[in-house]
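Undergrad: Generate a structure from the sequence data that follows.
(chains A and B)
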Amino acid sequence: MTAADGAAGGIAAPARADLRRQLGRSRRRERRQAALLVAPLVLFLFATFLAPIAAMLWRGVADEEVSRILPRVTAALAGWDGRALPPEAAFAALIEDMRAARDAGTLASAGTRLNYDINGFRTLVFATARRLPAEQPADARTALIAIDAKWGDVETWGAIRRAAGPATDFYLLAALDLKRNAAGDVVAAPANEAVFVNLLLRTLGISALVTLVCLLLGYPVAYYLSSLPARTANLLMVLVLLPFWTSLLVRLAAWVVMLQRDGIVNNLLLRLDLVSSPLSLLYSRFAVVVAMVHVLLPFMVLPLMSVMRGIPGAHLRAAASLGAPPRTVFRRIYLPQTLPGIAAGTLLVFIQALGYYITPALVGGGDDQMIGSFIAFYATRTINWGMAAALSFMLLGATVLLYFIYSRLVGFERLRLG
Amino acid sequence: MFARNSTAATVLAGALAAGVLMSAPAAQARDLTIVSWGGAYQDAQRQAYFKPFMDQIKTKMVEESWDGGIGVLRAKIQSKANTWDVVQVESEELLIGCEEGLYEKIDWSKLGGQGKFIPSAVNPCGVGAIVYNFVLAYDGARTKDGPKSWADFWDVQKWPGKRAMRKGPKTTLEIALMADGVKPEDVYKELATDAGVERAFKKLDQIKANIIWWEKGAQPPQLLASGDAAMVVAYNGRISAANKTDKRDFKIVWANSIYTIDSWVIMKDSPNKDAAYNFLAFVNDPKNQAKLPPLIPYGVTTAAATAMIDKSVLPELPTAPDNFKSVVHLDDKFWLENLDKLNQRFNAWVAK
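TA: As a prediction, this is how the structure comes out:
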């Protein structure tokens, strides 16, 4: 029954089986308790995090407006081959659907959705709705083409068929600067509409730059803080955490005041005779990087500092005593041990920087906008959920891909947040 | 043991109380909510309209501001969680929203009949609020020999420094074409063609690196004051208001400025329709309308009010004969048809 018994040469078989059962039972009980403790958090995360994200991503592929608002013509086009004009039944169905939608006030949604595919469709839909015949005509095709010649164009009907849903790749392709042409092949979007791939690359570039600057600025600060006695370190820590206590917008407004032409930085440079005329610092990439580094620096300093605190000074002294010059001590003893902190800090800063859009919007120029500003534009100004979701999908995809590459390079198990 | 029981009892009591409070029925309907453009303009409206309205008509009202975008109004109606009653919208937003059924149809009998208003202020879904211009403005204190036309806006050799333009195709493309030599009366004809749009964007490419894009009306005077921009496209009233309240010396170029009208609309299915009509009747009473221009020089929409405006303010209004000479009327029907397409093109261009 005691450990001594067991160690003395093995327990008898029935007792061993009994012990195994008891062990299994208590382990299962522990696991149940653990699950119960974690369950509320899992439910919370599921309801407030995973489910909304899944719903949002579904919006990026869902396409049910046209099939809901124009059901008859969607059904009539189901068997159409797309080469010549659709059959007479489709024309008649369209007139019926448009009349019903116009009276119900739902025509706008369908028009807007079709307008994403072919510019000018919205106008076509509304102009046609205004001039619909009062009752169903005998020859719907002639009647419709008489209202607007575009209804005699195969492309127009192709757009309606492409929007039939229930799912579409239209938004995802658009987010990658691609589109489907009339024949159904994927082609590149025209140059004056292709902006998203560049935007994503720019977002990744700015975030990488901000992360690098944060690392270069934050590493010495963390080193200094970790080498101080606890009381002084805590006091200085307050200074590092101070930005967290003020609102983001207040900090950005402060940067505007600092960097504007009449601002503090320019006045200082002029006073010290370092420049002859004020520099244009605001509304530029420089201002965006400075403001983002200012906001994200604590996220780099904190993990670094806590990891550095855990590095035994004895290792450094031992290396020095064995004859290593300071540079080698740093490079071969200290730096590798801070790698988990660097990994955690860069990950935190990079992922946060990817989502920033208010900072570039307030202090950046037109060509400093990051992908978040377009997601916000589509979500709040034009209510184009499909594009907003598709761009979010792209950003999420790029982030996950980078994270996997990162964890391959760094090793996930080496990540330590403190 | 005793302590644990009383803690448990406290927690239970607290939970019960919270549950009771949360299940109490949501009591009153909301107050009349008026939405305008913010900044110096809304300050002037508060003084001329909102406060007197609350004092005289004894109706509680709440004011908010917004920055435009038909999508915002679409979202409010579609989500069935609309909290706005009366909104001031731009000309093409009025047309688009009316077409999509976002606004209530105006009952003109409650406002004194259509004849009271200037023709451009009458629309099935909206009643005109103010008449204003998008003008070229610069700081007279920093620039003695100022620009006189949109072509000068593009001259970065003679007047170095950044330019500020409204972020969006509306007004930006018209200004680019006028700077390129298109006559004001031909601007929209040219813009209706693909070649015309290309021409406008090519012209904008010439100064793209120098442009600061603004979204709020309060930004252009701020950019002029701080020196971040040498010339701006701005609402005329905001520039004049900055001159008045901040003692600035900003100058306005009225030649070929873009003239347009904003309207009040009532959002569809608003629960405060009666209060909304009271408000609209109040602000369209010529006596009350005449109080706004002295505070911020925008033109008014009732014929009778124009006669009542303080004479000293008249030269600053968009409707003054000197200022009205060579204006371009913003073509809201053009933007109704082309806003989506040109918005897309513009966003792609500005992000490059």
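Undergrad: quick one, strands of the stretch 1-150 of chain B?
TA: B:32-36, B:61-65, B:86-89, B:122-123, B:126-139 (DSSP state E, counting those that start in this stretch).
Undergrad: Compute the first-to-last residue distance for stretch A:167-181.
TA: Counting by Cα to Cα, to the nearest Å, you get 18 Å between the two ends of stretch A:167-181.
Undergrad: touching chain B at all, it?
TA: No. Looking at stretch A:167-181 against chain B by Cβ under 8 Å from any Cβ of the partner chain, there are no contacts, and the closest approach is 9.5 Å. The C-beta positions use only the backbone N, C-alpha and C, and glycine is treated the same way.
Undergrad: Select, out of the strands of the stretch 1-150 of chain B, the one closest to chain A.
TA: strand B:126-139 (11.4 Å; Cβ to the nearest Cβ).
Undergrad: in that closest one, what counts as buried?
TA: B:126-139 (16 or more other Cβ atoms under 10 Å in any protein chain shown).
Undergrad: By mean pLDDT, which helix or strand of the chain comes out lowest?
TA: Here I'm looking at chain A. helix A:3-7 (a mean of 50; mean pLDDT, DSSP states H and E).
Undergrad: actually chain B
TA: Min over SSEs of chain B, mean pLDDT, DSSP H and E: helix B:2-23 (a mean of 49).
Undergrad: rewinding a little: distance to residue A:138 for the strands of the stretch 1-150 of chain B - can I get that in JSON lines?
TA: Below are the strands of the stretch 1-150 of chain B laid out as JSON lines (distance: least, Cβ to Cβ, whole Å):
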{"stretch": "strand B:32-36", "distance to residue A:138": "49"}
{"stretch": "strand B:61-65", "distance to residue A:138": "53"}
{"stretch": "strand B:86-89", "distance to residue A:138": "43"}
{"stretch": "strand B:122-123", "distance to residue A:138": "38"}
{"stretch": "strand B:126-139", "distance to residue A:138": "40"}
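Undergrad: Next, format the ones you listed as TSV and append mean pLDDT.
TA: As requested, the strands of the stretch 1-150 of chain B are exported to TSV (pLDDT from 0 to 100):
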stretch	mean pLDDT
strand B:32-36	95
strand B:61-65	94
strand B:86-89	96
strand B:122-123	93
strand B:126-139	95
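Undergrad: Tell me which of those approaches residue A:164 most closely.
TA: Smallest distance to residue A:164 across the strands of the stretch 1-150 of chain B (Cβ to Cβ): 33.8 Å, for strand B:86-89.
Undergrad: For the closest one, list every residue counted as buried.
TA: B:86, B:87, B:88, B:89.
Undergrad: quick one: that strand near chain A?
TA: No. Strand B:86-89 lies out of reach of chain A by Cβ under 8 Å from any Cβ, never closer than 14.1 Å.
Undergrad: Just name whatever secondary elements that strand is in contact with.
TA: strand B:32-36, strand B:250-266, helix B:273-283 (3 or more Cβ pairs under 8 Å, 6 or more residues apart in numbering or on different chains; DSSP states H and E).
Undergrad: And the contacts of it?
TA: B:32-37, B:66, B:68, B:73, B:97, B:126, B:129, B:262-267, B:270, B:276, B:279-280 (Cβ atoms under 8 Å, 6 or more residues apart in numbering or on different chains).
Undergrad: now swap in stretch A:230-247 and tell me
TA: Outside stretch A:230-247, the residues that touch it by Cβ under 8 Å, 6+ apart are A:221, A:225, A:226, A:228, A:251, A:294, A:295, A:297, A:298, A:301, A:302, A:305.
Undergrad: Could you pick out the buried ones from those?
TA: Here, 16+ other Cβ under 10 Å leaves A:221, A:225, A:226, A:294, A:295, A:297, A:298, A:301, A:302, A:305 buried among these.
Undergrad: tell me which element the fifth one is part of?
TA: Secondary structure from DSSP states H and E places residue A:295 in helix A:285-309.
Undergrad: close to chain B, is that helix?
TA: No. Against chain B, helix A:285-309 shows no contacts by Cβ under 8 Å from any Cβ, the least distance being 11.1 Å.
Undergrad: So which bits of the stretch 1-150 of chain B are right by chain A?
TA: Within the stretch 1-150 of chain B, the residues that sit near chain A (Cβ under 8 Å from any Cβ) are B:69, B:70, B:71, B:72, B:74, B:75, B:78, B:99, B:100, B:101.
Undergrad: coming back round to it: between the buried residues of strand B:86-89, which sits nearest residue B:299?
TA: Nearest to residue B:299, judged by Cβ to Cβ, of those is residue B:88 at 14.4 Å.
Undergrad: Identify the bridge partners of that closest one.
TA: Beta-bridge partners of residue B:88, counted by DSSP bridges, are residue B:264.
Undergrad: burial of residue A:66, as a residue count?
TA: 25 (other Cβ atoms under 10 Å in any protein chain shown).
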